[in-house]
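A.B. asks: this one's sequence-less:
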């Protein structure tokens, strides 16, 4: 007869959890980046609605969506599309997401910097696969640090 | 009081109260990850924010809690070490130095794990220590007052701790062996 350890007995006897907590916790962990943003957007909307006495019904009517959908958004666990965010912004008259302003001049590393990095990783190519020459603004592979300073 | 006990890990067991769809840990994290629930909670308890946690607005409090919940859930979900759990759960009363079986415990994130927020952790998980390596979670709360008796939510949790402890004693549970025997009979 095989003697079971106390741990094995406990494992076999205890009621296995029927809870969805573990599954939900894993999902939240794996999706935490966008969930953080969704929570912040939900809180911004909630604060605005509270300050301006706007009900969920008001918002759902303005957006022409169901109150249930608005409720889902306000829970902060909805993976909002850009379209929905824009509809919310339009309905409330506020900005919910700010995109950094577009950089008009492309900032690229100098050719000698790229070459130094390539030398370091042992590549003899003058360009990397990650950077296409045509993508570079004013790319001049013959430019040296000295000639650039002149 | 009718409860059932569910196993989450070899160290963590959780109470499911009669009539509830989920065990307590599941219910807590569903509430604590709901932005609307958190916003309304802090709106209703604004006076406690003003009294004990100065300069924290309702939205900031809800946002802070979201960060804290994420950290806490990670700790509990990834806990594979009973030592780690034993260091998380402290005696319910700060002045209590005993660590006996069936003692009441509170779990809170230590200060160095709440660096992203500007105040001490206010999330609490309450548990009864079955033995050195097994904890039975009875509930949890957002604690905004110094004493549990000062707020209805924590008063309820205190009552639940006591009722669960009485329930265990009434069913002859006082250590790991008796706990195992009880689970066998469930």
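C.D. replies: Everything's here; your move. As the structure is a prediction and not an experimental result, all values here were calculated from the model.
A.B. asks: Please state the offset of whatever helix or strand residue B:182 lives in from the chain centre?
C.D. replies: If you go by DSSP states H and E, residue B:182 is part of helix B:176-185. Its chain's C-alpha centre and that of helix B:176-185 lie 23 Å apart, by CA atoms, centre = their mean, to the nearest Å.
A.B. asks: If you count neighbours, what's buried in that helix?
C.D. replies: Buried residues in helix B:176-185, counted by 16 or more other CB atoms under 10 Å in any protein chain shown: B:176, B:178, B:179, B:180, B:183. Where you see a C-beta, it was placed from the backbone N, CA and C, and this is true even at glycine.
A.B. asks: and if you look at stretch B:63-73?
C.D. replies: B:63, B:64, B:65, B:66, B:68, B:69, B:70, B:71, B:72, B:73.
A.B. asks: just to confirm, which helix or strand has the residue nearest the centre of chain B in it?
C.D. replies: Geometric centre of chain B, nearest residue: residue B:125, 1.1 Å, by CA atoms, centre = their mean. Under the criterion DSSP H and E, the helix or strand holding residue B:125 is strand B:123-131.
A.B. asks: element containing residue B:64, please.
C.D. replies: Assigned by DSSP H and E, residue B:64 belongs to helix B:58-78.
A.B. asks: The helix or strand just after that helix near chain A anywhere?
C.D. replies: Next in sequence after helix B:58-78, counting helices and strands by DSSP H and E, comes helix B:82-88. No: using CB under 8 Å from any CB of the partner chain, helix B:82-88 stays clear of chain A, coming no nearer than 11.3 Å.
A.B. asks: Near chain A, which residues of chain B? Just list them.
C.D. replies: Counting by CB under 8 Å from any CB, chain B sits next to chain A at B:4-8, B:10, B:13-14, B:16, B:22-23, B:25-26, B:29-30, B:33-37, B:39, B:43, B:58-59, B:62-63, B:66, B:70, B:73-74, B:76-77, B:176-177, B:180, B:183-184, B:186.
A.B. asks: Now, of those, which are buried?
C.D. replies: B:5-8, B:13-14, B:16, B:22-23, B:25-26, B:29-30, B:33-37, B:39, B:43, B:58-59, B:62-63, B:66, B:70, B:73, B:76-77, B:176, B:180, B:183.
A.B. asks: Return the distance of residue B:109 relative to residue B:135.
C.D. replies: Counting by CB to CB, to the nearest Å, the separation of residue B:109 from residue B:135 is 16 Å.
A.B. asks: Neighbour count: these two, which is higher?
C.D. replies: residue B:135 (25 against 20; other CB atoms under 10 Å in any protein chain shown).
A.B. asks: Quick check: beta-bridge partners of the nearest residue in space to the more buried one that is not next to it in sequence?
C.D. replies: Distance criterion CB to CB, 6 or more residues apart in numbering or on different chains; nearest residue to residue B:135, sequence neighbours excluded, is residue B:127 at 4.3 Å. With DSSP bridges as the criterion, residue B:127 is bridged to residue B:105, residue B:137.
A.B. asks: Let me know whether residue B:127 touches residue B:88 as I believe.
C.D. replies: No: between residue B:127 and residue B:88 there is no contact under CB atoms under 8 Å: 9.5 Å.
A.B. asks: circling back: dump the buried residues of stretch B:63-73 into TSV; add pLDDT as well.
C.D. replies: Output for those, formatted as TSV (pLDDT from 0 to 100):
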residue	pLDDT
B:63	94
B:64	92
B:65	95
B:66	94
B:68	92
B:69	95
B:70	93
B:71	90
B:72	91
B:73	93
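A.B. asks: Since that was my last question, I'll sign off now.
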